[in-house]
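Engineer: Below are the sequence and a predicted model for it; my questions follow.
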Amino acid sequence: MNEPTTTPTQETPSILVATLTYMLNVQETGQTFPLPASIATDDNLIKRSLASVIPYIDTAKLERSEPKDGVVTITVTKTHAPKGAGKPGSSFSPVITSLIASEDDGMNAVIKTFLDVEQMGKQIASYQPHQILELKKRIETAFRSGEKQDTQFKAIVNALTETSPQAARVVPVGF
Amino acid sequence: MELATQRQDLLEKARLALLRLNPPSYGFADAALTEVHVALQVISVVAKVHPKNYKKQVAKVLQEFFKDIRTPRMRQTDNQGCYNSALIARLINDNLFHVDEFWLDEECMDFGTDNTVQIEWMGYRISWDEYDEMLSRLDELSRAGSFTIMMGILWGNVVPESIKEVWNFCNETYRWNLPEIPEIPNNCYIDISRLKKGLRKHGLQSLATLIEAFDGSTGNAFYDFDPETWMPITISENDLVVAHEAWLEVPKIRKILDEAYDILETRSDVFPLFLEAYIKSLRSRERKGKG
């Protein structure tokens, strides 16, 4: 309250310095309140300062209006954010990154090979012996990796099913 | 005709494209792919043993099999078989060796969950139940059939108090020409080479093969197979080849066994001559002490 809401002379070009006042408008609630110029000139500072007041401000969109009668209105608009573990730097982010980077389609090798064989269809009936052997080997490889994938998948599902729920220590990004 | 074919091709492509959008569960894909894998193993072996005309042998059945590997499995319910599995069993039966009739029945077959096959057994091996049944119908046997009864008595399969009655009945009814029940020493084994040698002198060597077939010791799986205790073969290329090779020997053994039956039906002196050679071939199991 004691701090002036006018931009300090030494931080901004002199042409704007003396006249600008900053107002923050929270679109979701319709609230409008003044911001000290030392904070209002920097979006990151705004976010840091108001994180406890506006929980979603970290991912919110900040839009500055053109100065009108010496007042710049900064509108805070809530935006959709990545859910759960999408916060960069969280312990889950390597998992998310590796999932995004993965080139596999997530389909079990056995199911994928089944679909491929199904597409080959009646052509297989006219295969030469060496082609039959190749297909057989491909299926055997699919069995090996598919079984492993399925075992791992079931183990994860079991672990998740058997784990008792725990309250999160932090509010995940997006909530 | 051209248009009809094109339309059919387009429909088939559309069907396959739609199927691709609907992946099955892991369990379903695993079973269907296992069935395909069994089919490929069978084709490989058919190609190996019939290199010149294997395509001709298998093409029609394979066309049918690979036409649709999904729907036949979807149709099956618990404890029921699969049409495609029966096709594979038919392929084995027609090109490699005969399988048990049960395995050709699509309502019983499912290679997707049980990739085993039961070979056709020749039925010479005598089980206790079958022998008991023969004993209960002594008057309905053929002369050759009565030879089984004789072997059962010699092998101790008839209770001592019934031996005399059974022996006398068969001796009279089936003209064994053996009024006296032979004394068989205990704890003996048959020296089969000696038996064969003894029978060969009288042109009866086929009888040695016959008792090997009764005993399940011909060395050929199709005759030695015991459906009560043997497990079905788990399908692998090696086992299919071995079974096929054994199957190729079947006609030769069958011919010998047919000859044995002919002899038993027609030669009046066959029972005494056999018994003489049999007793001479017995060897004591007792070991002689060293020194």
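Structural biologist: The structure has been received and is ready for your questions. Numbering: from 1, shown residues only, chains lettered A, B, ... in the order given.

Engineer: can you give me the helices for chain A?
Structural biologist: A:14-17, A:37-40, A:43-50, A:93-101, A:109-120, A:129-162 (DSSP state H).

Engineer: Would you mark the buried spots in the fourth one?
Structural biologist: Within helix A:93-101, the residues scored as buried using 16 or more other Cβ atoms under 10 Å in any protein chain shown are residue A:96. (C-beta placed from N, C-alpha, C; glycine too.)

Engineer: Mind checking the pLDDT average for that helix?
Structural biologist: Here helix A:93-101 scores 77 as its mean pLDDT.

Engineer: ditto for the longest one
Structural biologist: Model confidence over helix A:129-162 averages 93 on the pLDDT scale.

Engineer: on that earlier part again, right, and the helices of chain A - which one's nearest residue B:22?
Structural biologist: Proximity to residue B:22 (Cβ to Cβ) singles out helix A:109-120 among these, at 9.2 Å.

Engineer: Residues in contact with the closest one: which ones?
Structural biologist: Applying Cβ atoms under 8 Å, 6 or more residues apart in numbering or on different chains, the contact partners of helix A:109-120 are A:105, A:124, A:135, A:138-139, A:141-143, A:145-147, A:149-150, B:16, B:19-20, B:23-26, B:29-30, B:32-33, B:36, B:66, B:69-70.

Engineer: List only buried entries from those residues.
Structural biologist: If you count burial by 16+ other Cβ under 10 Å, the buried members of the contacts of helix A:109-120 come out as A:124, A:135, A:139, A:142-143, A:146, A:149-150, B:19, B:23-24, B:26, B:29-30, B:32-33, B:36, B:66, B:69-70.

Engineer: Can you list the low-confidence ranges for the chain?
Structural biologist: You didn't say which chain, so I picked chain A. Applying pLDDT under 70 to chain A flags the ranges A:1-19, A:80-92, A:167-175.

Engineer: Sorry, I should have been clearer: chain B.
Structural biologist: The model of chain B has pLDDT under 70 over residues B:1, B:76-79, B:287-291.

Engineer: Domain ranges for it, per the record?
Structural biologist: The record's domain parsing of chain B by automatic domain parsing lists B:2-117, B:128-284.

Engineer: Point out the residues in chain A that sit beside chain B.
Structural biologist: Listed as neighbours of chain B in chain A under the rule Cβ under 8 Å from any Cβ of the partner chain: A:107-108, A:110-111, A:113-115, A:117-126, A:129, A:132-133, A:135-136, A:139-140, A:142-143, A:146, A:150.

Engineer: correct me, but residue A:60 touches residue A:74?
Structural biologist: No: Residue A:60 is beyond contact range of residue A:74, at 10.7 Å (criterion: Cβ atoms under 8 Å).

Engineer: Between these two, point out the one with more neighbours.
Structural biologist: residue A:60 (22 against 18; other Cβ atoms under 10 Å in any protein chain shown).

Engineer: residues contacting that one?
Structural biologist: Counting by Cβ under 8 Å, 6+ apart, the residues that residue A:60 touches are A:47, A:54, A:76-79.

Engineer: Now it: phi and psi?
Structural biologist: Note on residue A:60: backbone dihedrals following degrees, to the nearest 10 are phi -70, psi 160.

Engineer: can you tell me how far it sits from residue A:77?
Structural biologist: Using Cβ to Cβ, to the nearest Å, residue A:60 is found at 6 Å from residue A:77.

Engineer: Residue B:36 too?
Structural biologist: In terms of Cβ to Cβ, residue B:36 sits 56 Å off from residue A:77.

Engineer: Also residue B:268?
Structural biologist: Relative to residue A:77, and taking Cβ to Cβ, residue B:268 is found at 113 Å.
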